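> Need a 3D model of the sequence below.
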Amino acid sequence: MRRNQNVELITVIRGSTIIKGCFLILVMMLFVFSVSGLLTSLKPEYRISSQSVHEAARVFSGEMLFSLISQENHYFQEALPNKEPTPALSKQLLKLSANISLDDPRSLLGRELPGFSIFDSEILVAGEGTNYTNMPYESAPPPEVMHSEREAALQNLEAIDEPENKPIGSTNGKKVVYIYHTHNRESYLPYLKDVKNPDLAYHSKINVTKLGEKLTQELEEKGIGTLVDKTDVMGNLTKKGLTFPKAYQESRGVVQQAIASNNHLEYIIDIHRDSKRKEQTTITINGKNYAKLAFVVGGENAQFQKNVAIAEKLHYMLEKKFPGLSRGVLKQQGPRVNGKYNQDLSENAMLLEFGGVDNTFEELYRSVEAFSIVFSDYYWNEVNAKEVNSETKAEGK
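Below you'll find the model as predicted:
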């Protein structure tokens, strides 16, 4: 009699455990749907970044769900593959709520140490000497520099060659390349008198726009019709009371206007300079100093794969003709970077980092000339390939 009672008691306990487990599943499902609905109903500016959602979704797998439930109902352990150890609930909750992993100290350090967030980036193709300690880094100017009309006195200007206007080449008047500068006031310390701090290397006249002018001249000489935009994007931010991170939002309208007004544009190039120092941004080729360049691709844009393909092709072409000049192709994404860089507007969009704060225009212009040689080869090869394809299709008809 007592044995039957024990069997009945065990059956009741098992039944209550199963009910408890099912109830836990129901509660967790309701919680997930409730939180998801809340997050998607928030205004865009208050939503958690896509990177945060991605990270949370990545760690909250079905396997983890079964593991957590198995802590309440051990029968669920039978469904786990290879009987893997159950993850600690405290660790997983910390990772889900704060995107901090106790197994990866970078996840905490990246939120506490200035500049450590560059480790969120990814090196797709590494150039000579490129690693995660010397990747390009966008250093925002201090607010007082951003919004001040006072600028450093200039020096060494005699070394800057002014590009000459050249006749349009064999694109027959069509402008097929568009150059602009989102951070148009990024400048170089050798030309800013008494300025030693890299964070202060900004100027309204002597800056990266000189490189845009030089590249335009070089491409025009090689028969590639080019437009260069000289909009003072950073000046516009100040007038509108916007902060430095809004620069891409401001330049986006400029690019959209250019695309809308010229249906011949095929390539969009945004020229920047890096915040790194000279030893990391300079290379000697055949006895002459060049400012290294890097390709940056936003990992959160619809044209990512095509943008990467062009950048990688140009990188390898540079490596062949000017070994070591390219620092590589770098993917930028995550909550602390833009992630798009307006590259979703064109499948042939590029962001080029020319040199660093210590480079001279002599070094920079050599790099611009080298890039123009390689880009010209790439462009005319692409044109010839398209013409061959068109003729082949016509013959096929």
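
> where does the stretch 101-250 of the chain have low pLDDT?
101-170 (pLDDT under 70).

> residue ranges for the helices of it, please.
For the stretch 101-250 of the chain, the helices defined by DSSP state H, counting those that start in this stretch cover 106-112, 143-146, 209-221, 233-240, 247-261.

> Just the buried residues of the fourth one, please?
I take that to be helix 233-240. With burial defined by 16 or more other Cβ atoms under 10 Å, the residues of helix 233-240 counted as buried are Val233, Met234, Asn236, Leu237. (C-beta placed from N, C-alpha, C; glycine too.)

> that older thread, in CSV, list the helices of the stretch 101-250 of the chain along with distance to Lys276.
Output for these, formatted as CSV (distance: least, Cβ to Cβ, whole Å):
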stretch, distance to Lys276
helix 106-112, 19
helix 143-146, 19
helix 209-221, 16
helix 233-240, 20
helix 247-261, 19
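
> Tell me which of those helices lies nearest to Thr360.
helix 209-221 (11.4 Å; Cβ to Cβ).

> residues of the closest one that come out buried?
Quick answer for helix 209-221 (16+ other Cβ under 10 Å): Thr209, Lys210, Leu211, Gly212, Glu213, Lys214, Leu215, Thr216, Gln217, Glu218, Leu219, Glu220.

> What is it packed up against?
The contact analysis (3 or more Cβ pairs under 8 Å, 6 or more residues apart in numbering; DSSP states H and E) places helix 209-221 against strand 177-180, strand 226-228, strand 267-272, helix 361-396.

> so which of the helices of the stretch 101-250 of the chain gets nearest Gly287?
Counting by Cβ to Cβ, Gly287 lies closest to helix 209-221 out of the helices of the stretch 101-250 of the chain; the figure is 21.5 Å.

> give the contact list for the residue nearest to Met234 when sequence neighbours are not counted.
With sequence-adjacent residues excluded and distances taken as Cβ to Cβ, 6 or more residues apart in numbering, Met234 is closest to Arg185, at 4.5 Å. Each residue near Arg185 by Cβ atoms under 8 Å, 6 or more residues apart in numbering is listed here: Pro141, Tyr202, His203, Ser204, Asn207, Asp232, Met234, Gly235.

> at 10 Å what do you get?
Applying Cβ atoms under 10 Å, 6 or more residues apart in numbering, one finds that Arg185 lies in contact with 141, 145-146, 151, 201-209, 232-235, 237-238, 247.

> quick one: which of the buried residues of helix 233-240 is nearest to Asn172?
Nearest to Asn172 out of these is Val233 (Cβ to Cβ; 30.9 Å).

> Surely that closest one touches Ser204?
No - here Val233 does not reach Ser204: they are 11.4 Å apart, not a contact under Cβ atoms under 10 Å.

> which neighbours do those two share?
Asn184, Arg185.

> quick one on the thing from earlier: confidence-wise, which of the helices and strands packed on helix 209-221 is weakest overall?
In terms of average pLDDT, helix 361-396 trails the rest of the helices and strands packed on helix 209-221, at a mean of 82.

> Much appreciated, bye for now.
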